[in-house]
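Q: Any chance you can model this:
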Amino acid sequence: MNTLLLDAHNGVLHITLNRPECRNAMSLEMVNELSAVLAQLDSQVRAVVISGAGGHFCAGADVKDMARIGGTPQLQALNRAFGTLLQAVEALPQVVIVVLQGAVLGGGFGLACVSDIAIADHKAQFGLPETSLGLLPAQIAPFVVKRIGLTQARRLALTAARFDGIEAQRLGVVHFTEHDPQALAQRLDEVLRDVLRCAPGANARTKALLLASVEQPLGPLLDQAAQWFAEAVNGEEGIEGTQAFVHKRKPSWCK
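A: Presented below is the predicted three-dimensional model:
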């Protein structure tokens, strides 16, 4: 990997965006590498933690990369590739956690919006700067709307406003804000501890159910949920979980 650092242990894959010289701007190479890593995840990985090197998460698209690519069809393909990446991150069966510091702009903001759990430094700088550059947040916009609602998304996208981690928590972009690196690390440890107490299969189905609830009609969705519930009760995790509860012990997946 030229643009990522990978570290896997205890069922958690830590992915560090590693282009600190440009605040981890998202190049086509980074998009492709991140997509390839996510496509190869297996059931041994229960959570994915994404952060950035050098004190920044991601400053958005690599403008130099766009200038190099040049032509309209190529730029369209590049832009859509990032949207495909966002779709893949959102749909992962694993729990996706982002740790946000420094620049969380454009594509970095979009990546934060498809996470399951977001932890931010209170001084992190969020924003959708595309319109101030004569561009538009083409692939990011739908995920921002889903995360914080249309009204706030319109305000942020049409003003290119910058805001900090505290405001990001108020808007619902992030779940936790911390005031120093040690507190960020401690919060991440606490979140991972809670995630690893949950059965991985149950988490994956629950995540799919929650995402489907945004778009699918209620009746068919509840029918599907009832089927999944029955399968869970009689499945390996359901049997192990209920037996562990009865015998007052931790289930086998609990780390």
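Q: which residue sits closest to R23, ignoring its sequence neighbours?
A: A59 (3.7 Å; CB to CB, 6 or more residues apart in numbering). From N, CA and C alone the C-beta is placed, and that goes for glycine too.
Q: Could you check the pLDDT of that neighbour?
A: On the pLDDT scale, A59 is placed at 96.
Q: Next up, the contacts around it.
A: With contact taken as CB atoms under 8 Å, 6 or more residues apart in numbering, A59 is in contact with 22-25, 103, 105-106, 108.
Q: A138 too?
A: 79, 83.
Q: Could I get the full set of helices for this structure?
A: 28-39, 63-69, 72-91, 107-113, 141-148, 150-159, 165-171, 181-195, 200-212, 218-233, 236-246 (DSSP state H).
Q: weakest of the ones you listed by average pLDDT?
A: helix 63-69 (a mean of 81).
Q: So which residues make contact with that helix?
A: 22, 25, 27-28, 75, 78, 133.
Q: Tabulate the residues you listed (TSV), appending neighbour count.
A: Shown next, in TSV, are the contacts of helix 63-69 (neighbours: other CB atoms under 10 Å):
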residue	neighbour count
C22	16
A25	24
S27	20
L28	19
L75	13
L78	19
L133	12
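Q: Now flag whichever of these is closest to Q152.
A: Q152 lies nearest to L133 out of the contacts of helix 63-69, by CB to CB, at 20.9 Å.
Q: Against G60, how distant is the closest one?
A: 9 Å (CB to CB, to the nearest Å).
Q: what's the answer for E240, then?
A: Distance from E240 to G60, by CB to CB: 44 Å.
Q: ok, now W228?
A: 37 Å.
Q: Between these two, tell me which one has more neighbours.
A: G60 (26 against 16; other CB atoms under 10 Å).
Q: Could you double-check that that one sits in contact with L111?
A: No - in this structure, G60 is not within contact of L111 by CB atoms under 8 Å, at 9.9 Å.
Q: Quick check: the residue nearest to R23 vs E231, distance?
A: 44 Å.
Q: and if you look at A160?
A: Applying CB to CB to A160 and E231 gives a distance of 47 Å.
Q: These two: who's more crowded?
A: A160 (16 against 12).
Q: What sits closest to R80 if chain neighbours are left out?
A: The shortest distance from R80 to any non-neighbouring residue, by CB to CB, 6+ apart, is to Q139 (6.9 Å).
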